[in-house]
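J.: Generate a structure from the sequence data that follows.
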Amino acid sequence: MIITISRETGSGGHTVGRLLADMLGYEFYDKEIVASAASRMGIDKKLILENGENMSDQDYIDMKSGFIPHYKKAEVPYGEIKEAQDKVIRSIARKGNCVIVGRGADYILRGREDVLHVFIHADMDHRVRRVQRHEGVTDQEERIRKELEQKDRSRATYYRYFTQKEWGRVENYTLVLDTGTFTKTQCAELIFRAVEMKNP
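T.: Below is the predicted model:
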């Protein structure tokens with residue numbers, strides 16, 4: 001089995017994926033995909049980390065119109081990054097028994113019978129509090145909220161450009177789980193049970 005985890009920023013999707021992989025005894029892939037794609041391309045992995053599943057509204061407009069300033073082509077080679085990540089994800093999937101977080105893996109591996117696609121989300125207040133705990137702050141709610149909204153928007157824009165589908169739509173996933181209702185451990189357990197039912 002292969003499980004893809006798509007997630008809202010700050011919802012804890014990475015942690016859910018890591019917990020699930022440990023429960024199943026599966027390989028876990030998140031930033032490992034970035035490192036592998038960067039190695040294939042011979043570029044700084046920071047460039048892929050920042051642009052491998054995110055796209056600004058202006059870049060989306062430029063690319064859809066076909067007019068991309070020369071400096072942007074050199075700065076963010078979206079197409080090449082996408083191709084490199086796709087190859088890494090397909091290579092990982094051929095090995096089976098893994099959990100893959102983000103980078104449009106749900107779309108790349110669509111149609112396969114051995115894949116379970118999961119979307120992790122939570123309400124904004126829950127996500128803000130989670131970031132506050134992570135950063136060790138008790139204020140800055142407005143700054144954190146704006147950053148979360150911006151990151152979600154750029155992730156949705158990237159997904160829309162490369163898949164012509166809307167990120168976060170329930171029809172793209174097998175399971176949709178709320179880490180504001182269930183703990184991250186409970187979410188991992190629910191996915192674990194779904195894997196058992198799909199592949200007894």
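J.: any chance you could map the strands in the protein?
T.: 2-7, 27-29, 98-101, 115-121, 175-178 (DSSP state E).
J.: TSV for those, including mean neighbour count, distance to residue 140 and mean pLDDT?
T.: To be clear about C-beta, it is placed using only N, CA and C from the backbone, and glycine gets the same treatment. Below are these laid out as TSV (neighbours: other CB atoms under 10 Å; distance: least, CB to CB, whole Å; pLDDT from 0 to 100):
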stretch	mean neighbour count	distance to residue 140	mean pLDDT
strand 2-7	27	22	94
strand 27-29	19	31	92
strand 98-101	26	26	93
strand 115-121	22	22	95
strand 175-178	18	24	95
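J.: nearest to residue 192, of those strands?
T.: Closest to residue 192 of these, according to CB to CB: strand 2-7, at 9.5 Å.
J.: Please work out which residues outside the closest one touch it.
T.: Applying CB atoms under 8 Å, 6 or more residues apart in numbering, the contact partners of strand 2-7 are 13-14, 16-17, 20, 26, 93, 96-102, 105-106, 109, 112, 114-121, 167-168, 172-173, 191, 195.
J.: likewise stretch 82-96?
T.: With CB under 8 Å, 6+ apart, stretch 82-96 has contacts from 1-2, 27, 29, 33-34, 36-38, 40-41, 48, 52, 98, 100, 103-105, 108-109, 112, 114-115, 162.
J.: for the protein, what helix or strand is lowest in average pLDDT?
T.: helix 70-75 (a mean of 55; mean pLDDT, DSSP states H and E).
J.: what's near enough to touch residue 55?
T.: Neighbouring residues of residue 55 by CB under 8 Å, 6+ apart: 63, 78, 154, 157, 158, 161.
J.: swap in residue 51?
T.: Contacts of residue 51 were listed using CB under 8 Å, 6+ apart, and they are 76, 78, 81.
J.: Over to residue 108?
T.: By CB under 8 Å, 6+ apart, the contact set of residue 108 is 86, 89, 90.
J.: Can you check these and name whichever has the most neighbours?
T.: For those, counting by other CB atoms under 10 Å, the largest number of neighbours falls to residue 89: 25 neighbours.
J.: gap between the two ends of stretch 47-63?
T.: 18 Å (CA to CA, to the nearest Å).
J.: Give me the most central residue, this protein.
T.: Computing the C-alpha centroid of the chain and ranking residues by CA atoms, centre = their mean puts residue 102 first, at 2.0 Å.
J.: give me every residue that touches the residue nearest to that one when sequence neighbours are not counted.
T.: Closest residue to residue 102 apart from its sequence neighbours, by CB to CB, 6 or more residues apart in numbering: residue 53 at 5.5 Å. Shown in contact with residue 53 (CB under 8 Å, 6+ apart): 102, 103, 104, 155, 158, 159.
J.: List just the nearest of those to residue 183.
T.: Of these, the one sitting nearest to residue 183 (CB to CB) turns out to be residue 102, at 20.9 Å.
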